[in-house]
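J.: I'll drop the sequence and a predicted model, then ask my questions.
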Amino acid sequence: MEIDRQEDLQRTRAAIGADEEYAHGFHDDYQAVYSTGQGLNEEVIRKISAKKNEPGWMLDFRLQSYQAYLKMPMQDWGPDLSDLNFDEIYYYNKPTNGKYRDWNDVPQELKDTFERLGVPEAERKWLAGSSAQYESEVIYHRMKEEFEKTGIVFTDTDTAVQEYPELVREYLGSLVKPTNNKLAALNSAVWSGGTFIYVPKGVHVTTPIQSYFRINTAQEGQFERTLIIVDEGAHVDYVEGCSAPMYSQDSLHAAVVEVIVKKDGYCRYTTIQNWSNNVYSLETKRSAAAENATMEWVDGNFGSKTTMKYPSVYLNGQGARGTMLSIAVAGKGVNLDSGAKMIHNAPNTSSSIVSKSIAHDGGSTDYRGTVKFGRDSAGSFAHVECDTILVDDQSSADTIPYNTVLNGNVSMEHEAKVSKVSEDQLYYLMSRGISAEKATEMIVMGFVEPFTKELPMEYAVELNRLMKFEMNGSVG
Amino acid sequence: MKELTRQITEELPLPDFPKVRFQHWGLTDLVPGQGQAEQPLMAQPGDAGVELAGLNQTYYDLPEDLVEAGVLLLPLKQAKQDYPDLVEQVYDRVAETKDRLTAENLQSANTGLFVYLPAGVTVTENLNLFLVHLGADGDLVGRLVIYADQNSQARIVSQLETATAGISNVSLVIEVLAAAGAKLTMVNFDHLDQETTGFINRQAVVGNQAEVNWVNAAFNDGNVISQLTTKLVGEGAKSETEVAAFTSGKQVQGFNTEIQNIGRHTVGHIFQRGVILNSSSLIFNGMGRIIKGAKGSDAQQESRVLMLSKCARGEANPLLLIDESDVTAGHAASVGQVDDQQLYYLMSRGLTEQVARRLVVRGFVGEILAKIHDQKVENQVVAAIERKLNNENGTR
């Protein structure tokens, strides 16, 4: 049994290009300029706040959150988190300046993976933890100038606390209260890094803003705190993450994301995550859409040991719209427990959830979601669609949707399907001389197409490569 | 059978009814009624079946040919003495005692019935079970044990009704075993009154190529949680499970409707329709569970809820838990209001809005009611719909 698990672990690591040696080697190399050490107490939080030179109100927020964290129980539903040891976690590490792992020391498997995925040269080093610099810095600065003309703020959340304290103070924690769940409380107490975006009234950002350009802060991203405010009539499309495997030495990532979309505003938030298989990714993402505003989540999940993520849209204004389009691909040893929440709090609101999951090689994907129509949601509509493909016998999938209705004048449609790769389709393709492996790949690609076509082009290309890579060897 | 002590009972968890708050309903405090009816309260001359009204008091009338064929229909207490081998196959086995309320029932039940269909026997006429709750006398704590032996066939129509009023509980556990090739249809009409709080736990185990189909009409007026679990254990076992429910007033009715696909090539379909009135709550938790190894199985479910009031609460939670890839599974759920187009169409044909609404509501549950195949029960269900809708108009 024990041997099996060791083998599993090695295979998993090999799959993401991080073998045993690499994992250890990384730890040895890693030298933080400043670290609060293992474990958490009030002193650690004071140190974090002091190091960041934060105003008193932020320290108070952190300390209150810490009290909430101490009082709250871990949730007793969903995936098993009993392996998580909160005392062993480093709650704050300020990364070294320039002291990164030598590219020559990066294992060949990882380099091969990057090669196969076609990850741009410049990103490879960052992904392998051997660079904190990203060569697009220049582009970032050019973009920043562009933004400054229109009044758009795009920075990291730490900087925002210093430079835009009014906005941060008003909105940070307004949607995700520290008492929302234990991990949100933890994030509120020890957060570091994350993205801050403010789009002023009526301003439209025409090209997607990508978090690629803030790679320096991404290194601190264990407890990211992202805050996006889209003012009235403004328009923004934000993209973060990448589909290449991301190795992290941290076993716990507990991010909090808050998105406020005001009247007539529009926000699309696209995330693609592919953590290494030692990571618990437990995120709290919430957004609020005011009158006639639109909030769209586009969410792709690969890898990690366990992911728990249920982005929500609170449809608070008349005519608000919320959508969630997600894909989850779970391979060996991976449990992706994700979904969405649509809370209809105002008349004539509409929401749509489309979730696509693929479980292969013993992976498990769960859809867990909520649609709620409040008392004042007359004339509202919700649509939920969950499709799952189980590629083989070892994999499993659960669909756990809750639909609560407190208003008689609404309508909701919910549909879900779980199936294996269709044999009819397989035989058809194979009768055309296509191999079983290639045919399965084609079917899976067709299955996820509604998702990929919503991505910016370079992401779509990368994701397609990743899907092929994931599915490789899982058939026959 | 292992001994169930009071201590073990109290340590067991309450059953899991997602989104239903029943913890304060007092379902663990059972005081079984000691009364008994002097004469049949529901059964009428000519009904093939049995009435259970109060303590060990049964009236029954079973046609000669069925008696000769070896069909048994008798009080559970007597069956335990006379046919222990048969009872043992089902009792406390089909319904596993894993939660507090089922354990309380096992400990406190003082009344019950045993039905046995011998191998190869086909009962053509409906078998009627009248379960009378004498609310004025205390709680009804009963257990029904139904054993359909190999290749037997029957339709069992059971009616659960409050006869005398009084604040009280009903705890009813129904265990059904369908051996290989048996085909059983269970029609249940639940009609407990407003003062009665209920826990109804129906469980079935279905063998090779056997079938257990359920048609449940839930028209209780008080707070009730209702568990319905069908385990498709044998290869090719099947279940069509249909639930029609009306809630009204301020009541809460919660339904866990579950089918487990355990054997290969098993087929489980759940179809639920609910109508919600006044400020009541109706919660449908549908669960399709495909266990590893149940290759070639099919699990489908559909839940539809019609909200007829602004203050009502409705839930349609269709869960699918799949551990096997070689299967087909799907679910659909919807929540909506009375279809305006249907309404306008009917009104354009000269019907008043009230009549048109009634027709639309009846049509909504009609598909399920058509499967009752018992004229008397059907009439009673229609009367119950009328009663619930009339109350709605009265309080609007």
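T.: Cool, got the structure.

J.: near chain A, which residues of the stretch 251-396 of chain B show up?
T.: B:276, B:292, B:305, B:307-310, B:312-337 (C-beta under 8 Å from any C-beta of the partner chain). To be clear about C-beta, it is placed using only N, CA and C from the backbone, and glycine gets the same treatment.

J.: filter those residues down to the ones in strands?
T.: Cross-referencing those with the strands (criterion: DSSP state E) gives B:276, B:305, B:307, B:313-322, B:327-336 as the overlap.

J.: show me the helices in the stretch 51-200 of chain B, by range?
T.: B:64-69, B:76-82, B:84-90, B:100-108 (DSSP state H, counting those that start in this stretch).

J.: packing partners of the last one?
T.: Identification of packing neighbours for helix B:100-108 by 3 or more C-beta pairs under 8 Å, 6 or more residues apart in numbering or on different chains; DSSP states H and E yields helix B:6-11, strand B:140-148, strand B:168-178, strand B:196-206.

J.: quick one, which of these gets closest to chain A.
T.: Counting by C-beta to the nearest C-beta, chain A lies closest to helix B:6-11 out of the helices and strands packed on helix B:100-108; the figure is 18.0 Å.

J.: the closest one: how far from the chain's middle?
T.: Helix B:6-11 has its C-alpha centroid displaced from the chain centroid by 26 Å (C-alpha atoms, centre = their mean, to the nearest Å).

J.: next up, phi/psi of the residue of the stretch 251-400 of chain A found nearest chain B, please.
T.: Nearest residue of the stretch 251-400 of chain A to chain B, counting by C-beta to the nearest C-beta: A:L390, 3.7 Å away. Main-chain dihedrals, A:L390, degrees, to the nearest 10: phi -100, psi 120.

J.: return the distance of the closest residue to it other than its chain neighbours relative to B:V121.
T.: Closest residue in space to A:L390, ignoring its immediate chain neighbours: B:S325 at 3.7 Å, by C-beta to C-beta, 6 or more residues apart in numbering or on different chains. In this structure, B:S325 and B:V121 are 40 Å apart, going by C-beta to C-beta, to the nearest Å.

J.: same deal with A:G446?
T.: As defined by C-beta to C-beta, A:G446 lies at a distance of 53 Å from B:V121.

J.: who's more crowded, those two?
T.: Neighbours were counted for A:G446 and for B:V121 using other C-beta atoms under 10 Å in any protein chain shown; B:V121 has more, 20 against 10.

J.: which residues touch the more buried one?
T.: Taking C-beta atoms under 8 Å, 6 or more residues apart in numbering or on different chains as the contact definition, B:V121 lies against B:L66, B:A69, B:G70, B:V71, B:D149, B:S152, B:Q153, B:A154.

J.: find the closest residue to chain B in the stretch 51-200 of chain A.
T.: Counting by C-beta to the nearest C-beta, the stretch 51-200 of chain A gets nearest chain B through A:W77, at 9.8 Å.

J.: in chain A, what helix or strand scores lowest on average pLDDT?
T.: Ranking every helix and strand in chain A by mean pLDDT, DSSP states H and E puts helix A:20-29 at the bottom, with a mean of 30.

J.: again with chain B
T.: Counting by mean pLDDT, DSSP H and E, the weakest-scoring helix or strand in chain B turns out to be strand B:58-61, with a mean of 76.

J.: name the strands paired with that strand and say parallel or antiparallel.
T.: strand B:49-53 (antiparallel) (DSSP bridges).

J.: other residues contacting the partner strand?
T.: Taking contacts as C-beta under 8 Å, 6+ apart, the residues outside strand B:49-53 that touch it are B:36-37, B:40-43, B:58-62, B:73-75, B:111-113, B:126-132, B:134, B:142, B:157, B:163.
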